[in-house]
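>>> Quick one: sequence plus predicted model below, questions after.
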Amino acid sequence: MTVIANTPAHLRHTIAPPDGLHLNRRTREVEIRWPDGRTDTLSCLALRAACACSSCLHAKRSGRLALYDADITVVDAKPFGVSGLQLFFSDGHSRGVFPWAYLRELGETP
């Protein structure tokens, strides 16, 4: 974890960006290599279900069941500033920004 000096306490803890990112379309997984040597492999389906954009959070909070095609994949990924990644899914959804810390947390979840 990288700590940025001279910032307010609530903003001090940030995660360094990954060293590498690989989209495996065949297995429908995203592989993330972190600076500390750890590698996380996340399924595209799990990433789509974990989207925390406002529309997805609203649907979850209102109890609407979201069904995703098991064949969903990430078709593109672009850095979002220095703090995260914007994922573009095969179902057309692209509103979610995944901060590095959130991706790291998702990789720690069994």
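Arrived safely, thanks for sending. These figures come from a predicted structure and were not determined experimentally.
>>> Show me where this protein has its strands.
Along the chain, counting by DSSP state E, strands occupy 2-3, 13-14, 20-24, 29-33, 39-43, 74-80, 84-89, 97-99.
>>> Contacts only, for the spatially most central residue of the chain.
What sits nearest the mean C-alpha location of the chain, by C-alpha atoms, centre = their mean, is Phe98, with 3.8 Å. Applying C-beta atoms under 8 Å, 6 or more residues apart in numbering, we find Phe98 in contact with Leu47, Ala50, Cys51, Ala52, Gly84, Leu85, Gln86, Leu87, Leu106. (Glycine included, C-beta is placed from N, CA and C.)
>>> who wins for neighbours among these?
Within those, most neighbours by other C-beta atoms under 10 Å means Leu87, with 25 neighbours.
>>> What's opposite that residue in the beta bridge?
Beta-bridge pairing for Leu87 (DSSP bridges): Ala77.
>>> just Arg33 next, same as before
For Arg33, the beta-bridge partners are Gly20, Thr39 (DSSP bridges).
>>> Next, count neighbours for it.
Neighbours of Arg33 under the rule other C-beta under 10 Å: 14.
>>> The nearest residue to Pro79 once chain neighbours are set aside: what's it in contact with?
Leaving out its chain neighbours, the residue that sits closest to Pro79 by C-beta to C-beta, 6 or more residues apart in numbering is Leu85, at 6.2 Å. With contact set as C-beta under 8 Å, 6+ apart, Leu85 has these partners: Leu21, Ala77, Lys78, Pro79, Val97, Phe98, Trp100, Leu103.
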